[in-house]
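Engineer: Make a model of this:
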Amino acid sequence: MPHLYTTEEYANMHLIYGECRYNATAAARLYRERYPNRERYPDHRVFINVHRLLSEGRFPNQVTSEGRPNTSNEDMVLQEVSSTSVRLIEARTGVSKSTAHRILKRNEFHPYHVQRVQSLLPQDYPARLAFCQTMLQKYREDESTLKRDRYMNLHNLHEWHLENPHLMREDRSQYRFKINMWTGILNGKIIGPFELPENLTGEVYLDFIENHLPNLLEDVSLDIYRSIWFQQDGCPAHYTCSVREFLDLEYRGRWIGRSGPISWPARSPDLNPVDFFYWGTLKEKVYSKPLQSLNELREKIAAAVEEINSKSYARLVNRSFLRRCRACISAEGKQFEHLL
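Structural biologist: The predicted model follows:
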């Protein structure tokens, strides 16, 4: 095993590391000069690891007289198991990645996914609780939500544990598209999307909900239209007096947002179907291949929306929303997606 050294070699490393006043790069260079005939040479990380392990009262892994690795090799890997990767374990202990991986599997450790979730502030919890409780109470009414696009950008992260610890890591929502778009979900069907100007002001947004949104809803029956719940977030353009006055007239008692009849809790994309369902589904279809231009992006979005609308997601979306509300209540308003 190329990453294992004898006791004598480790002793020489530690002496040279001290001689170089704990300059690992200089120690690695001096080691090569002093022992020119050795078969392998440690890099600067090994000198740092050897000193750290000895300072902690542990001895570095070594080769026995029979040529087999010392059992401390396994002990060191298990002590570093909270590291996020076998590569980091290798850097800290000198044990090769393949050996560390075998040790972890032999001890029945598994790499559990670390899920990124929206960052929350303590004052957000009561608002999220109140919102979820209200929505569960009103569920039997015919209600729908509409909101502009935003989604959580997820990456694969893992940690090794014997059992799933339901790990999470806070992150912020990010705008994915380089065009400003509005979209909505009504009874499992996508409404829109509608491209908005890049600079969204209260005046521009009011023009949209007054003059363009009715065209997007022209195929909706009058009975359904009268029972629609309109949802928006805390964007400054959504909070202007003119917008709130219009919503009070057009959706009297049936809109959700900042200072609305039902207050929308800040930083809660995990409670919005457009966030947790629509954009996740859409991006898989839109970004299946690299995009070359905005026009191509628009075409891919239109095709993806048509494909999504060809399937019935109403029951799935409603069920997921209710499950999330109940999970949020159980978590006392805190993050819950890692437990779903």
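Engineer: quick check, distance from stretch 194-212 to the centre of its chain.
Structural biologist: 30 Å (CA atoms, centre = their mean, to the nearest Å).
Engineer: Check stretch 182-191 too.
Structural biologist: 24 Å.
Engineer: And for stretch 125-139?
Structural biologist: Worked out by CA atoms, centre = their mean, stretch 125-139 lies 24 Å from the chain centre.
Engineer: Ok, stretch 291-300 next?
Structural biologist: That offset, for stretch 291-300, works out to 25 Å (CA atoms, centre = their mean).
Engineer: Pull out the buried residues from that stretch.
Structural biologist: 297-298, 300 (16 or more other CB atoms under 10 Å). From N, CA and C alone the C-beta is placed, and that goes for glycine too.
Engineer: Please list the members of the residues you listed that lie in helices.
Structural biologist: Residues of those located in helices (DSSP state H): 297-298, 300.
Engineer: Among those residues, which one sits closest to residue 23?
Structural biologist: residue 297 (51.5 Å; CB to CB).
Engineer: what secondary structure does the residue nearest to that closest one when sequence neighbours are not counted sit in?
Structural biologist: Of all residues not flanking residue 297 in the chain, residue 291 sits nearest, at 5.2 Å (CB to CB, 6 or more residues apart in numbering). Three-state call for residue 291 (DSSP: H, G, I helix; E, B strand; the rest coil): coil.
Engineer: Residue 181 reaches residue 197, doesn't it?
Structural biologist: No: Residue 181 is beyond contact range of residue 197, at 10.9 Å (criterion: CB atoms under 8 Å).
Engineer: Please identify which of these two sits among more neighbours.
Structural biologist: Set residue 181 next to residue 197 and count neighbours by other CB atoms under 10 Å: residue 181 wins out with 15 against 12.
Engineer: beta partners of the more buried one?
Structural biologist: Under DSSP bridges, the beta-bridge partners of residue 181 are residue 195.
Engineer: distance of it from residue 215?
Structural biologist: Per CB to CB, to the nearest Å, residue 181 is found 16 Å from residue 215.
Engineer: could you dump the buried residues of stretch 291-300 to a markdown table with distance to residue 333?
Structural biologist: Shown next, in a markdown table, are those (distance: CB to CB, whole Å):
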| residue | distance to residue 333 |
| --- | --- |
| 297 | 36 |
| 298 | 38 |
| 300 | 37 |
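Engineer: Closest to residue 228 out of the residues you listed?
Structural biologist: Distance to residue 228 across these (CB to CB) is lowest for residue 298, with 26.4 Å.
Engineer: Quick check: the gap between the closest one and residue 225.
Structural biologist: For residue 298, the distance to residue 225 equals 27 Å [CB to CB].
Engineer: Identify the residue nearest residue 78 in space, chain neighbours excluded?
Structural biologist: Nearest one to residue 78, counting by CB to CB, 6+ apart, is residue 107 at 6.5 Å.
Engineer: Dihedrals phi and psi, the residue nearest to residue 297?
Structural biologist: When read as degrees, to the nearest 10, the backbone of residue 291 gives phi -100, psi 140.
Engineer: Please point out which parts of stretch 181-189 sit buried.
Structural biologist: For stretch 181-189, the neighbour count (16+ other CB under 10 Å) marks 182-186, 188-189 as buried.
Engineer: what is the mean pLDDT for it?
Structural biologist: Across stretch 181-189, the average pLDDT comes to 77.
Engineer: begin at 27 from here
Structural biologist: With 27 as the first residue, the last one maps to stretch 207-215.
Engineer: Please tell me how far it is from the chain's geometric centre.
Structural biologist: Here stretch 207-215 is found 23 Å from its chain centre; the criterion is CA atoms, centre = their mean.
Engineer: With only the CA atoms kept, save it in CSV.
Structural biologist: The C-alpha trace of stretch 207-215 is given here as CSV (Å, rounded to 0.1, in the frame of the first residue of the first chain):
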residue,chain,number,x,y,z
MET,A,207,-41.0,34.8,-15.7
TRP,A,208,-44.3,34.3,-13.9
THR,A,209,-46.1,31.0,-13.8
GLY,A,210,-48.9,29.4,-11.7
ILE,A,211,-50.5,26.1,-10.9
LEU,A,212,-54.3,25.7,-11.1
ASN,A,213,-55.8,22.3,-10.3
GLY,A,214,-52.5,20.6,-11.3
LYS,A,215,-52.2,22.5,-14.6
